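J.: Kindly generate the corresponding structure for this input.
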Amino acid sequence: LAEAPDVVVVATGARFEPVTVPGVPAERVARARDLFEKPEGAGPRVVIVGAGVAGLALADLMAEHGRRVTVVDADPEIEPPYGRAVSRALLDRLARAGARLVAGARAERAEGGRLRIARNGDVETLEFDTLVVARERRANPSLAEALRSRGLAVRSVGDCVEPRSLFDAVNEAAETARSI
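T.: As a prediction, the model looks like this:
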């Protein structure tokens with residue numbers, strides 16, 4: 001680098017990888033972006049695989065539009081990545097709307113309008129008219145690694161280290177800035 005920095009702070013964020021569900025061709029999965037733009041395009045029963053920011057926001061929108069919503073996530077707890085008050089309000093709103101949140105479950109296979117999920121050794125089948133498969137966030141350390149390989153001192157912050165909440169990323173960045 002022409003500037004010859006003492007330290008480079010990298011905050012490239014996460015990369016998104018599609019979650020695949022056996023038995024479901026990609027063209028049969030509704031895109032969250034399309035449903036945000038045109039929520040009336042969803043059928044009456046919506047199953048969302050992935051309880052990240054987009055998955056939960058979409059669940060909220062679908063419930064608001066009268067859809068019966070089930071959100072399935074592999075994490076043992078569904079914790080929205082917002083501050084405590086906002087997260088609690090969202091979860092309360094989803095509960096009042098009758099949305100079902102299924103934590104600690106893996107989407108195993110889909111056929112027709114049925115999704116088989118596994119949780120704690122139990123198998124359950126969910127019926128859907130619209131299936132949305134969110135994309136998973138993965139750490140994206142590639143730029144930091146490339147800079148390190150050129151001999152630069154690098155400090156990585158945020159989702160490029162490990163996907164977490166915005167609050168975590170901002171705090172980590174502030175701590176890093178103070179320490180430099």
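
J.: what stretches of the protein score poorly on pLDDT?
T.: Applying pLDDT under 70 to the chain flags residues 18-19, 25-28.

J.: which residue ranges form the strands in it?
T.: Under the criterion DSSP state E, the chain contains strands at 8-10, 14-18, 45-49, 68-73, 100-103, 106-111, 114-119, 122-127, 130-133, 135-139, 154-156.

J.: strand partners of the third one, parallel vs antiparallel please.
T.: Strand pairing for strand 45-49, using DSSP bridges, gives strand 68-73 (parallel), strand 130-133 (parallel).

J.: Tell me how many other residues crowd Gly52.
T.: Gly52: 22 surrounding residues under other CB atoms under 10 Å. Where C-beta positions appear, they are placed from N, C-alpha and C, glycine not excepted.

J.: Now do the contacts for the closest residue to it other than its chain neighbours.
T.: Nearest non-adjacent residue to Gly52, counting by CB to CB, 6 or more residues apart in numbering: Ala134, 5.7 Å away. Residues near Ala134 by CB atoms under 8 Å, 6 or more residues apart in numbering: 19, 32, 48-52, 54-55.

J.: Among these, which are located in helices?
T.: Among the contacts of Ala134, the ones falling in helices (DSSP state H) are 32, 54-55.

J.: Make a markdown table out of these and add neighbour count.
T.: Formatted as a markdown table, the ones in helices among the contacts of Ala134 follow (neighbours: other CB atoms under 10 Å):
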| residue | neighbour count |
| --- | --- |
| Ala32 | 20 |
| Ala54 | 17 |
| Gly55 | 22 |
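
J.: From the centroid of the protein, which residue is nearest?
T.: By CA atoms, centre = their mean, the chain has its centre lying nearest to Gly52, at 2.8 Å.

J.: nearest to Ala105, of the contacts of Ala134?
T.: Nearest to Ala105, judged by CB to CB, of those is Val49 at 9.1 Å.

J.: Tell me how far the closest one lies from Arg109.
T.: Using CB to CB, to the nearest Å, we find Val49 at a distance of 12 Å from Arg109.

J.: any shared contact partners between these two?
T.: Shared contacts of Val49 and Arg109, defined by CB under 8 Å, 6+ apart, comprise 21, 115.

J.: higher neighbour count, those two?
T.: Between Val49 and Arg109, counted using other CB under 10 Å, Val49 has the larger neighbour count: 28 against 15.

J.: Thr70 - how many residues pack around it?
T.: Residues lying near Thr70 (other CB under 10 Å) number 20.

J.: Touching, it and Ile48? I think so.
T.: Yes: applying CB atoms under 8 Å as the test, Thr70 and Ile48 come out as touching, 7.2 Å apart.

J.: which one of the strands paired with strand 45-49 lies closest to Ile117?
T.: strand 68-73 (5.6 Å).
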